[in-house]
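Participant: Predicted structure and sequence below. I'll ask about it afterward.
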Amino acid sequence: MTDCAKTAEPSEQQPALRTAASRLCPVSVAAANWQGRLALTFCDRQGETYLSRCFVQAPLKVQRPFYPEGRGVCHGVMLHTAGGIVGGDRLSTMLQLEANAHALLTTATAGKVYRSNGQEAQQEVQISLASGACLEWLPQETIVFNGAEFRQQLRVDLEAGALWMGWEIARLGRSARGERFVCGNWRSHTQVWQAGKLIWVDPQWVAGGSEMIESLHGLAGYPVIASFALLGHPVSSELVERVRSLWEALPEQEVRSQHGVPGNALTHVGVTRLMSGLLCRYRGTSTQEARRWFTAVWHLLRWELLNRPPCLPRVW
Amino acid sequence: MLTETHLLQLIQLASPALPVGAYSYSEGLETLVHTAVLTNAERLEHWLTQELQHGAVRVEAGVMVRAYQAAIAANYAELAAWNQWLSAFRETEELREQSWQMGRSLVRLLQELAPDLNAAIAACGEQVHFAIAFALAAAHWQIDSNAMLLGYLHSWATNLVNAGIKLIPLGQTVGQKLLLRLHPRLEETAAVALTLSDSQLECCSWGLAIASMNHETLYSRLFRS
């Protein structure tokens, strides 16, 4: 069923070398770049979803699909085998879900974007969901090193009755070791189309060292920003209320008071309705905290819209 | 240079007396005052400056330039596409509703003041954003695009300074001084908006989004956003 054709390795570069190089400041050697590609097609056969086509080009890979909740949902784990992304890399992921297919995709580890050598690293993700298809897009967090130049473009095309749930969790600077995002750029531009109509545009940009980082209007000094979105299905205000209450129900709030901002839910998380869906925003100190809230939201929406119980990916 | 006629038309369009209900919206400021984040004129000035430099209003200004050019070229498909883009871009439900409601009011007015615009308005579909309707009026009266942006941004800033005056509260004179200090920022944002490429229509406004998202949860509200 699965035909994972591995194509040529475009670079002789090794992960260890790459990691070491990225520690140099500034990186002066222009390393050979990756042109990674991943193209997956999922199809539905009588209520069972299969990975029907799979093309990979290093450093992107996908593990053999698995079915922890039966054949109805195909779980996949994507990998970046080079350890992280450097300036000049071009990564492209194309996902196609045929009518009524249902897949859940995550990544094996947290992503890393290293300090740039001057070039921009680009990641493009194109997702197209045919009628009645559903994709749960739940990559682990990305750690954006100080000095990284990163641009992601994510585009989702939904046909009638298709549903996309996804999140993005980013840590700007290795804040656990006191690193701040003082130079570089992080861009994440998302567009979602439904039956040819643009229903969500989210063109996010953070410039390292700018006032965006510290100002209350921007990140308010918090290193972690995260978004969860559901698109393709209208959401009631009552459901928005329940999603908000899931934040209050989290066992322990780790967000600390900064810049005289009280450690108040009103200043670091929010939920709203989109034209055909829902959006949650988080700015805080902990990727784990963002993930705990988003996981709770995801589980609730799974019950409400897909009539499915929670099923955590095994790699988490 | 603006002719006298254009100047007067622009003043009318940008006036707080334009019957579109702008005074009933705070764009998240009410949440910020409620949570004691916004406590004085300096913080309000900083907030508005950030929004002008990195926020949604800068992107909106860039979209207005595109809508204005599409209107002048009578390219209604392009016009409708940018109107839809703005609907998709509005980060929260309250901000989207505000933009649509004010747009509806301005469209009703323009149908009387400038019936020639009816085809362009109809092309935009059911919901027309205030910024798009403003750009249509400017194109109709042949007000140049930089003046249009200055007028629009000035009306935006006036409205939020007035919201700050009521909420924080601030004295009227303090508010007027703040508005005057914002003028160079308005000029910068207008100049930048004229040069933005499509891929530069991007922003960082996490504080605004979160404040706006939480506005609807406030127990008592003076404002509709």
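Facilitator: All right, it came through fine.
Participant: So A:Val192 lies in a helix, does it not?
Facilitator: No. Counting by DSSP: H, G, I helix; E, B strand; the rest coil, A:Val192 falls outside a helix, being strand.
Participant: check contacts around it.
Facilitator: Neighbouring residues of A:Val192 by CB atoms under 8 Å, 6 or more residues apart in numbering or on different chains: A:Arg155, A:Val156, A:Asp157, A:Leu158, A:Trp164, A:Leu198, A:Ile199, A:Trp200, A:Val201, A:Ala229, A:Leu231, B:Ala88. Every residue, glycine included, has its C-beta placed from N, CA and C.
Participant: just A:Arg171 next, same as before
Facilitator: A:Glu141, A:Thr142, A:Ile143, A:Val144, A:Pro223, A:Val224, A:Thr287.
Participant: Pretty sure the first one sits against A:Ile169.
Facilitator: Yes. With contact defined as CB atoms under 8 Å, A:Glu141 and A:Ile169 form a contacting pair (3.9 Å).
Participant: and the contacts of A:Arg171, which of them are in helices?
Facilitator: A:Thr287 (DSSP state H).
Participant: what residues does stretch A:233-242 touch?
Facilitator: A:Leu163, A:Val271, A:Thr272, A:Arg273, A:Leu274, A:Ser276, A:Gly277, A:Leu278, A:Leu300, A:Leu301, A:Glu304, A:Leu305.
Participant: thinking again about what came up before, more neighbours: which of A:Glu141 and A:Ile169?
Facilitator: Neighbours around A:Glu141 and A:Ile169, counted as other CB atoms under 10 Å in any protein chain shown, are more numerous at A:Ile169. The numbers are 25 against 21.
Participant: Quick one, grab the pLDDT at the more buried one.
Facilitator: A:Ile169 carries a pLDDT score of 98 in this model.
Participant: gap between it and A:Arg308?
Facilitator: Applying CB to CB, to the nearest Å, the value for A:Ile169 to A:Arg308 is 22 Å.
Participant: Secondary structure element holding whatever residue of chain A ends up closest to chain B?
Facilitator: Closest contact between chain A and chain B, by CB to the nearest CB, is at A:Gly270 (2.9 Å). A:Gly270 belongs to strand A:269-274 when assigned by DSSP states H and E.
Participant: Just give the number of residues close to the residue of chain B found nearest chain A.
Facilitator: Residue nearest to chain A within chain B: B:Met213 (2.9 Å; CB to the nearest CB). B:Met213 has 27 neighbouring residues, counting by other CB under 10 Å.
Participant: List the contacts of it.
Facilitator: Shown in contact with B:Met213 (CB under 8 Å, 6+ apart): A:Gly270, A:Val271, A:Thr272, A:Arg281, B:Thr92, B:Glu94.
Participant: Looking at these, which is nearest A:Gly118?
Facilitator: Nearest to A:Gly118 among the contacts of B:Met213 is A:Arg281, at 31.6 Å by CB to CB.
Participant: what kind of secondary structure is the closest one in?
Facilitator: strand.
Participant: Let me see the contact set for A:Leu135.
Facilitator: So A:Leu135 contacts A:Leu95, A:Leu97, A:His102, A:Ala103, A:Leu104, A:Leu105, A:Ile127, A:Leu129, A:Leu163, A:Trp164, A:Met165, A:Gly166 (CB under 8 Å, 6+ apart).
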